[in-house]
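**Q** sequence plus predicted model, see below.
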Amino acid sequence: MVATFSKNDSHYMSLALKLAGQGRDGVKANPMVGCVVVKDDQIIAKGYHQTFGEAHAEINALEQINHQADDSTLYVTLEPCSHVGKTPPCAQAIIDASVQRVVIATLDPNPLVSGQGLALLEAAGIQVSVGLLENEALRLNRGFIKRMQTGLPFVTCKIAMSLDGKTAMASGESQWITGEAARTDVQHLRAKHQAIMTGSGTILSDNPFMTVRLDAPTVSPLRVVIDSRQKITDQTLNIFSNDAPTLILDPSNGKTLENGKLDLTDALKQLGDQG
């Protein structure tokens with residue numbers, strides 16, 4: 001049977017999704033998850049997953065009410081975990097707190113555990129509904145979902161070109177093409193990703209820092225350089241600054257194709273393995 005949701009359900013799940021987004025800089029390889037606990041149409045607790053390896057969203061919320069959530073409804077953006085990892089299982093904590101109803105935006109994308117948290121909650125007699133604002137939840141964690149399902153990271157490709165399809169001057173000289181607004185958008189994109197990748201040619205011609213340049217404090221992503229011909233030897237280049245970590249992928253640590261170029265799929269797989 002298809003679950004039905006009220007206007008209030010949507011409101012509380014929207015709040016949970018907003019909370020989840022606050023964990024972007026801290027969760028690293030983990031998904032962003034938000035949680036809101038409601039009783040008698042009043043929010044009694046809320047939380048989000050803040051730091052990789054530390055408490056999940058549900059635990060952060062339940063701790064605010066000393067894990068006493070009798071007759072409440074718990075809204076969470078991702079299926080509560082049922083296994084012991086770096087933290088105890090959230091599904092059992094929800095059961096122990098006497099939550100009456102759980103509303104989940106989307107199931108865990110990991111095929112090895114998907115549905116197990118749901119089954120544990122239902123076996124305990126908790127009313128569970130799944131699918132509220134699912135598309136929004138999937139979009140929020142599209143990188144995590146892609147990696148769980150394929151082993152590869154979600155990739156955003158940024159290309160600046162003129163209307164006639166050119167990306168540089170005829171001489172190969174670099175030239176600003178985008179305006180200030182577009183360049184600011186790029187900085188926001190960098191801030192939302194865990195890695196930024198380019199080739200050795202760009203590094204040698206432009207000497208970029210490849211960091212996030214925004215007024216608000218932001219963690220810069222891992223800088224990744226594809227260096228098939230091992231040209232990056234100058235340690236004074238800006239990519240080796242202390243602003244962010246740097247990974248050089250070359251034939252010494254990457255798979256090479258017959259044409260001598262690095263295998264980009266293998267490179268992405270390496271990044272996916274790192275989370």
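**A** Alright, I've got the coordinates. A quick note: this is a predicted structure, and the numbers were derived from the prediction, not measured.

**Q** all helices of the stretch 1-150 of the chain, in order?
**A** Along the stretch 1-150 of the chain, counting by DSSP state H, counting those that start in this stretch, helices occupy 7-21, 57-62, 90-96, 116-123, 134-140, 142-150.

**Q** Ile43 against Leu19, yeah?
**A** No: between Ile43 and Leu19 there is no contact under C-beta atoms under 8 Å: 11.0 Å. All C-beta spots, glycine's among them, are computed from the backbone N, C-alpha and C.

**Q** joint contacts of the two?
**A** Taking C-beta atoms under 8 Å, 6 or more residues apart in numbering as the criterion, Ile43 and Leu19 both touch Val36.

**Q** and these two? which has more neighbours close in?
**A** Legend: neighbour count by other C-beta atoms under 10 Å for Ile43 and Leu19, higher for Leu19 (23 against 13).

**Q** tell me which residues touch that one, please.
**A** Residues counted as contacts of Leu19 (C-beta under 8 Å, 6+ apart) are 34-36, 46-48, 57.

**Q** reformat the helices of the stretch 1-150 of the chain as TSV; add mean pLDDT.
**A** Compiled in TSV, the helices of the stretch 1-150 of the chain are given as follows (pLDDT from 0 to 100):
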stretch	mean pLDDT
helix 7-21	98
helix 57-62	98
helix 90-96	96
helix 116-123	97
helix 134-140	97
helix 142-150	93
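
**Q** tell me which of those sits nearest to Asp227.
**A** Shortest distance between Asp227 and the helices of the stretch 1-150 of the chain, using C-beta to C-beta, is found for helix 142-150: 23.9 Å.

**Q** in that closest one, what's buried?
**A** Buried residues in helix 142-150, defined by neighbour count with 16 or more other C-beta atoms under 10 Å: 143-148.

**Q** and that helix, how far out from the chain middle?
**A** How far helix 142-150 lies from its chain's middle: 9 Å, per C-alpha atoms, centre = their mean, to the nearest Å.

**Q** kindly report the same for stretch 225-237.
**A** Computed by C-alpha atoms, centre = their mean, the chain-centroid distance of stretch 225-237 equals 28 Å.

**Q** with stretch 75-91 instead?
**A** How far stretch 75-91 lies from its chain's middle: 17 Å, per C-alpha atoms, centre = their mean.

**Q** equivalent analysis for stretch 36-51, please.
**A** Between the centre of stretch 36-51 and the centre of its chain there are 21 Å (C-alpha atoms, centre = their mean).

**Q** give the buried residues for that stretch.
**A** By neighbour count with 16+ other C-beta under 10 Å, stretch 36-51 contains the buried residues 36-39, 45-50.

**Q** returning to what we had before: which of the buried residues of helix 142-150 sits closest to Asn253?
**A** Closest to Asn253, out of all of the buried residues of helix 142-150 and judged by C-beta to C-beta, is Arg147, at 20.0 Å.

**Q** that closest one and Ala45: what is the separation?
**A** According to C-beta to C-beta, to the nearest Å, Arg147 and Ala45 sit 30 Å apart.
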